[in-house]
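**Q** Here is a sequence together with a model predicted from it:
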Amino acid sequence: MKALLEAIEAGCEDWDLAQAIDPARLPEHVAIIMDGNGRWARRRRLPRIAGHQAGIAAVRSTVETCARLGLKVLTLYAFSVENWKRPRVEVETLWRLLRYYLRQELPELQKNDIRLQAIGRLDALAPQVRRELDAAVEATSANRGLVLNLAINYGGRAEIVDAMNAVLDMARLDGRLQSLKFDEDLISTSLYTASCPDPDLLIRTSGEMRISNFLLWQIAYAELYVTETLWPDFSRTDLLRAVLEYQKRDRRYGGLSGSPDAAPINGSAQSGDPSFVEALRPS
């Protein structure tokens, strides 16, 4: 949070938004459905590819802002198992853009201590894409800051299927198949995201009111935030607004407000500790 305030010029809208955020009640894990690239391009009478290219800047800004906020995990929906249905030229362009992003952004990931991970059915990726992806994951594996999950060739249903099959395979190897009983913990620890907390906040851009087969198991109690902003236009301001909205929510997990099991987030547009902002104000 201190790093974010230091990066923002005092007096601008982002500065006011950042001041209003309570650093004690940040979401640990933010997941984003990056939607609207095609519509962004169409409104400008450009090819869809131009929208995907423009979306890279939004990825860069979002990753940097989450790292500066001090969030633990950011998961971005980069390519779904259904996206293979798109025209071949578009799909190939998406893979080129992924490789470009990995090459261009690796120094910044290292500089900001960000650890890159990839989730999804990665074996289906082209060899050259997989090599560059694996190399970037390995290069950042010792970093201890923000965990950046790129969901690539990902589907929520596919992930649950893969988790169930992984459990069954392990049970066969251990000779425990006959006594195997599934429970939520067993499935959770077999998901692609087993090393991460479940998302607290799910953001979807472009105004569409659907989940699109994304993190179906993990978002059971996530707060949903939908913005009309198209992904290429999604800025630091938009992200800070989403976090502020999250802090106004009352997370009850099926219980009642104020119950021991509830995790209340009733933030107003005030920081929980006024002295926090003053201490971080640039001199």
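**A** Happy to help now that I have it.

**Q** who's in contact with the residue positioned nearest the centre of the chain?
**A** By Cα atoms, centre = their mean, the chain has its centre lying nearest to residue 75, at 2.2 Å. With contact set as Cβ atoms under 8 Å, 6 or more residues apart in numbering, residue 75 has these partners: 29-32, 119, 149, 151, 193, 196, 199, 215. Heads up, the C-betas are built off the backbone N, CA and C, glycines and all.

**Q** ok, 7 Å please
**A** 31, 149, 151, 199, 215 (Cβ atoms under 7 Å, 6 or more residues apart in numbering).

**Q** Let me know the closest of the residues you listed to residue 54.
**A** residue 151 (20.0 Å; Cβ to Cβ).

**Q** any idea of the mean pLDDT for stretch 190-203?
**A** Per-region confidence: stretch 190-203 scores 98 on mean pLDDT.

**Q** Centre of the chain to that stretch, how far?
**A** Centroid displacement of stretch 190-203 relative to its chain, using Cα atoms, centre = their mean, to the nearest Å, is 9 Å.

**Q** what do you get for stretch 177-192?
**A** With Cα atoms, centre = their mean, you get 25 Å for stretch 177-192.

**Q** Just the buried positions in it, please.
**A** Burial within stretch 177-192, assessed by neighbour count using 16 or more other Cβ atoms under 10 Å, is assigned to 187, 190-192.

**Q** Just name the closest of the residues you listed to residue 174, please.
**A** Using Cβ to Cβ, the buried residues of stretch 177-192 come closest to residue 174 at residue 190, 14.0 Å.

**Q** Can you classify the closest one by secondary structure?
**A** coil (DSSP: H, G, I helix; E, B strand; the rest coil).

**Q** Spatially nearest residue to it, not counting backbone neighbours?
**A** Using Cβ to Cβ, 6 or more residues apart in numbering and skipping residues adjacent in sequence, the residue nearest residue 190 is residue 163, 3.9 Å away.

**Q** And the strands in the stretch 1-150 of the chain, which stretches?
**A** Assigned by DSSP state E, counting those that start in this stretch, the stretch 1-150 of the chain shows strands spanning 29-33, 73-80, 115-119, 147-154.

**Q** Between those, which one is closest to residue 102.
**A** That would be strand 115-119 among the strands of the stretch 1-150 of the chain, by Cβ to Cβ, at 8.2 Å.

**Q** Can you list the strands that the closest one pairs with?
**A** strand 147-154 (parallel) (DSSP bridges).

**Q** ok so, going back, what's the helix or strand for the residue nearest to residue 190?
**A** Element membership of residue 163, judged by DSSP states H and E, is helix 156-174.

**Q** For that helix, buried residues please.
**A** Quick answer for helix 156-174 (16+ other Cβ under 10 Å): 156, 158-159, 162-163, 167.

**Q** from the residues you listed, which has minimum pLDDT?
**A** Among the buried residues of helix 156-174, residue 167 has the lowest pLDDT, at 94.

**Q** Look up the closest residue to it, ignoring the ones flanking it.
**A** Residue 167's closest residue in space is residue 190 (Cβ to Cβ, 6+ apart), at 5.3 Å.

**Q** Pretty sure that neighbour sits against residue 166.
**A** Yes. Assessed by Cβ atoms under 7 Å, residue 190 is found in contact with residue 166 at 4.9 Å.

**Q** Do I have it right that residue 198 meets residue 218?
**A** Yes. Residue 198 is within contact range of residue 218, at 4.5 Å (criterion: Cβ under 7 Å).

**Q** sorry, back to before: how about the residue nearest to residue 167, what does it touch?
**A** With Cβ under 7 Å, 6+ apart, residue 190 has these contacts: 163, 166-167.

**Q** quick one: it and residue 120, what's the gap?
**A** Distance, residue 190 to residue 120, using Cβ to Cβ, to the nearest Å: 15 Å.

**Q** Thanks a lot, see you next time.
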